[in-house]
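Visitor: 3D model of this:
(one chain, ligands or ions: 2)
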Amino acid sequence: MATSHCVGFPRIGRYRELKKATEAYWRGDLDQSALMAEGSRLRSMHWRMQQDAGMDWVATGDFAWYDQMLNHSMMLGAIPQRFEDGIEDNQLDTQFRMARGRAPSGQATAACEMTKWFDTNYHYIVPELHKGQTFQLTSRAVIEETAEAQEQGFNAKPVLIGPLTWLWLGKIKGEHFNRLELLDDLVVVYGQVLSELAKTSVQWVQIDEPILVLDLPQPWLQAFESVYNRLQTHDIKIMLATYFGGLQEATTTVVNLPVEGLHIDLVRAPEQLMSELDRLPAYKTLSVGVIDGRNIWRSDLSGILEQLKPAREKLGERLWVSSSCSLLHVPVDLSSEERLDDEIKSWLAFAVEKCDEIAVLGRALSGDNSDKIRTLFALSDAVACSRKTSRRVHRKEVAQKVNAISPRLMQRHSPYAVRQKLQREKLKLPLFPTTTIGSFPQTTEIRRQRGLYRKKQLGRQAYLESMQQEIQATIKRQETLGLDVLVHGEAERNDMVEYFGEQLEGFVFTEYGWVQSYGSRCVKPPIIYGDICRPEPMTVSWSVFAQQQTRKIMKGMLTGPVTILCWSFPRDDVPKRTSCEQLALALRKEVTDLEQAGIQVIQIDEPAIREGLPLRKEDWPEYLDWAVNCFRLAASGVKDDTQIHTHMCYSEFNDIIEYIAAMDADVITIETSRSDMELLDAFEEFEYPNEIGPGVYDIHSPNVPEREWIKQLIQKAAEKIPPERLWINPDCGLKTRDWPEVEEALTNMVQVARELRAEY
Ligand SMILES: Nc1nc2c(c(=O)[nH]1)N[C@@H](CNc1ccc(C(=O)N[C@@H](CCC(=O)N[C@@H](CCC(=O)N[C@@H](CCC(=O)O)C(=O)O)C(=O)O)C(=O)O)cc1)CN2
Ligand SMILES: [Zn+2]
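Guide: Ligands and ions are numbered 1, 2, ... in the order given. So this is what the prediction gives:
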């Protein structure tokens, strides 16, 4: 019997119930006990889904009110001093204050930093580490939720993020030190958790250590040996889970760690199967992650069965099957989709369907050859065949255009210095020009209108007019605020990627295909299934309308090719690069159409360029080359005096700064405020030549930034970047905020810009 298990399941609920409940709680429309009840209802439902699919083990401890890394910080008592006063009374609110700076109870405080989880569009709350830090078991959520599952009759396998991954992903505050010093104390708490879990009659615990697929320094790899030696206990077996890549040079160390099981990602790194099999000690269980936890395509079950034959022969009962990584990164349930094209729907599998696939594989590996299993395999074969031969996937004219891409298309006419002069003459902006990143509040009213339009209860014309009114109002507000370069506010966009996906050929989009992005925020990644092209302009009429409403400069607003690719579910039948080039060509046309329609400043957002970066350094240059080229391909069709902006957030730039410079955007706006302008060091050191707008306040928190705060940030920035090259803007778009906060915050921002103009 090959055991099937779930590495992790989405927690948001099929219809984003968790989001709705949490936000209602924040608003004061739901009390804490009602929120708790909704949480347990969802957990129970998700365990049921896994069990019904036929999983031998369901995952516990993968639930989170906000984020699983934050859960672990709570578990360990790694709660920064500034939040500590509330913790005794209200752990939940302390957690929310750490994540977003405020909660129904407790003082509003600066939130912790948030950043990308490996190469995904999921964001975690960064643990804060300091010298001499100690840990104590503070939140027992994982223990309680495991007991809860067991009481309900589920076979629970708790999932923890491992101590080394937690520590690696933290950030040192204050005096620098070697964070491995904290390990001894940290492991004590993990040991306590394990022994408490053992008391609940748990047999296996899964400990995730995805950092094992990174280029780890030697001392870290060695630390794995001592940590897992210490965590060894007779009462509970450890399944050490790795994902998002292969173990490579860590293989020997990892297979020999004193744990009973190892999970590996065979979707990202299929080649590691044989080397693991060769080296795996005879007592160990190997869990193979063969169902893609990062994408939505149905698996080729026969192919996988074939691939696993040697493993089955060698391991027998010691072979487990699962998804490559947690299913957190895919939508919940395909069966909710009623409007998807039938053919394409038959190609897809979401979390529930992936659990089905895992269980079917488990049964087939155990020799089950029943009619049911045979039918399911036949279905999978038919899908693989239909995708390969479908006419809808390939378009000759797109392939021809991609083949015709030449370096000339990736080059602006003149170098930056020439363009800068022409742009200054034309745009006549003051020192420290102020702008925003694109979106303004997506109010309930805007979403309601769009909801009505979607449900066909509002006609197209009426919808367009109501969005135009929103845009008009947003422009008026910006004029009143005194901003220099205006935006239309993106009212008409459900999301910066989905909006484009809906208008491009080669994409389909779902109704309920939500995936958690951070906290209560979700995205509905569109699905790229074929060659991409742009049947008609996507943003031009909106930008033209917006420009007509004002004499100030209206910035056109596009999402860049790399970001559209990274935040969609990509094809698995062509390299990502190919889809990206197709996107770049489509966007290039959009950019030149905007220019021709009189738009003088065009922003092409690339917040995902860093996220797309391969986890291993050896793979960076190849990716960065095509990613940067695709941006340049999209951006370079314009005249010298058209100003191209780009925007990035949640990114470390230090190690890729030369590539950011190579994008050659005239202006780049970046998120920097949560990290206190630290990110600018890279730009300073590199002597980044173009203009920069370092974000001067954090838009993820509802707290309004004070003027003094903004001012000292800009002054800090001006020490690193010559003032005449600085722009002033928030960290990112404002769509998640409410108008009163936005107006107050921007009033402060514009005011500071004015004061500083006088000073510099
Ligand atoms: N794709 C993507 N990735 C990203 C980002 C991003 O903006 N997009 N930004 C970063 C992460 N930040 C994010 C910031 C905000 C949201 C966000 O606000 N998401 C919204 C959903 C946005 C959306 O698609 N809205 C739709 C659907 C809105 C909706 O919920 N409608 C109601 C119906 C409303 C009604 O009928 O009254 C419903 O379906 O229940 C729309 O506007 O049309 C949410 O979770 O609430 C997500 C990510 C990094 N990754
Ligand atoms: Zn952003």
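
Visitor: tell me the buried residues in the host helix or strand of A745?
Guide: Applying DSSP states H and E as the criterion places A745 in helix 739-759. Neighbour-count burial for helix 739-759, counted by 16 or more other Cβ atoms under 10 Å, picks out 741-743, 745-746, 748-750, 752-753, 756. To be clear about C-beta, it is placed using only N, CA and C from the backbone, and glycine gets the same treatment.

Visitor: distance between the ends of stretch 170-185?
Guide: 15 Å (Cα to Cα, to the nearest Å).

Visitor: any idea of the mean pLDDT for that stretch?
Guide: Mean pLDDT, stretch 170-185: 97.

Visitor: with stretch 456-474 instead?
Guide: Taken as a whole, stretch 456-474 has an average pLDDT of 98.

Visitor: quick one, helices of the stretch 651-760 of the chain?
Guide: Along the stretch 651-760 of the chain, counting by DSSP state H, counting those that start in this stretch, helices occupy 657-663, 680-686, 707-720, 739-759.

Visitor: point out the residues in the stretch 451-600 of the chain that sit beside ligand 1.
Guide: For the stretch 451-600 of the chain, the residues in contact with ligand 1 (Cβ under 6 Å from any ligand atom) are 451, 494-498, 517-518, 521-524, 567.

Visitor: quick one: low-confidence residue ranges for the stretch 51-200 of the chain.
Guide: Under the criterion pLDDT under 70, the flagged ranges of the stretch 51-200 of the chain are 86-87.

Visitor: residue in it nearest to ligand 1?
Guide: Using Cβ to the nearest ligand atom, the single residue of the stretch 51-200 of the chain nearest to ligand 1 is N121, 4.9 Å away.

Visitor: count of neighbours near that residue?
Guide: Residues lying near N121 (other Cβ atoms under 10 Å) number 22.

Visitor: can I take it that it is in a strand?
Guide: No: secondary structure of N121 (DSSP: H, G, I helix; E, B strand; the rest coil): coil, not part of a strand.

Visitor: what residues does the stretch 651-760 of the chain have near ligand 2?
Guide: Contact residues, the stretch 651-760 of the chain versus ligand 2 (Cβ under 5 Å from the ion): C732.

Visitor: for the residue of the stretch 651-760 of the chain found nearest ligand 1, phi and psi?
Guide: Ranked by Cβ to the nearest ligand atom, the top residue of the stretch 651-760 of the chain for proximity to ligand 1 is T736, at 4.9 Å. For T736, the backbone dihedrals (degrees, to the nearest 10) come out as phi -90, psi 0.

Visitor: with V515 instead?
Guide: As for V515, its main-chain torsions (degrees, to the nearest 10) stand at phi -130, psi 140.

Visitor: can you check the one 10 residues further on too?
Guide: P525 adopts backbone torsions of phi -60, psi 130, taken as degrees, to the nearest 10.

Visitor: do the same with the one 4 residues further on
Guide: With angles defined as degrees, to the nearest 10, Y529 shows backbone torsions of phi -110, psi -10.

Visitor: what sits against the residue nearest to the spatial centre of the chain?
Guide: Nearest residue to the geometric centre of the chain (Cα atoms, centre = their mean): N121, 1.2 Å. The neighbours of N121, taking Cβ atoms under 8 Å, 6 or more residues apart in numbering as the test, are 329, 515, 517, 523, 525, 566-567, 608, 611.

Visitor: now intersect those with the helices, please.
Guide: In helices, judged by DSSP state H, the following of these are found: C566.

Visitor: okay, who's weakest in the contacts of N121 by pLDDT?
Guide: Across these, the smallest pLDDT goes to E611, namely 89.

Visitor: tell me who's in contact with the residue in the stretch 551-700 of the chain that ligand 2 sits nearest to.
Guide: When scored by Cβ to the ion, the stretch 551-700 of the chain has C649 as its residue closest to ligand 2, at 3.3 Å. C649 sits next to 607, 670-671, 695, 731-732 when contact means Cβ under 8 Å, 6+ apart.

Visitor: got phi/psi on P258?
Guide: Per-residue torsions, P258: phi -80, psi 60 (degrees, to the nearest 10).

Visitor: what does S73 give?
Guide: Backbone geometry at S73, expressed as degrees, to the nearest 10, gives phi -60, psi -40.

Visitor: tell me where the stretch 151-300 of the chain has strands.
Guide: Using DSSP state E, counting those that start in this stretch, the strands of the stretch 151-300 of the chain run over 156-161, 171-172, 204-208, 237-241, 261-265, 285-291.

Visitor: of those strands, which is nearest A635?
Guide: strand 171-172 (32.6 Å; Cβ to Cβ).

Visitor: the residue of the chain found nearest ligand 1 and Q457, how far apart?
Guide: Going by Cβ to the nearest ligand atom, ligand 1 is nearest to G451 of the chain, at 2.2 Å. Distance of G451 to Q457, computed by Cβ to Cβ, to the nearest Å: 8 Å.

Visitor: who has more neighbours, the two?
Guide: For G451 versus Q457, neighbours defined as other Cβ under 10 Å are more numerous around G451 (13 against 9).

Visitor: what strand or helix carries the closest residue to R534 other than its chain neighbours?
Guide: Once flanking residues are discounted, R534 sits nearest to A586: 3.8 Å by Cβ to Cβ, 6 or more residues apart in numbering. Following DSSP H and E, one finds A586 within helix 576-596.

Visitor: downstream of that helix, the next helix or strand is which one?
Guide: Heading C-terminal from helix 576-596 (DSSP H and E), you reach strand 601-605.

Visitor: list the buried residues in that following strand.
Guide: Neighbour-count burial for strand 601-605, counted by 16+ other Cβ under 10 Å, picks out 601-605.

Visitor: how about that strand, does it reach ligand 1?
Guide: No: contact of strand 601-605 with ligand 1 (Cβ under 6 Å from any ligand atom) is absent, the minimum separation being 8.9 Å.

Visitor: okay, the angle between that strand and helix 576-596?
Guide: On the basis of axes from the mean of the first three to the mean of the last three Cα atoms, to 10 degrees, strand 601-605 is oriented at 160 degrees to helix 576-596.

Visitor: which of the residues of the stretch 451-600 of the chain next to ligand 1 are buried?
Guide: Among those, those buried by neighbour count (16+ other Cβ under 10 Å) are 494-498, 517-518, 521-524, 567.

Visitor: L558 should be in a helix, yeah?
Guide: No: assigned with three-state DSSP, L558 falls outside any helix and is strand.
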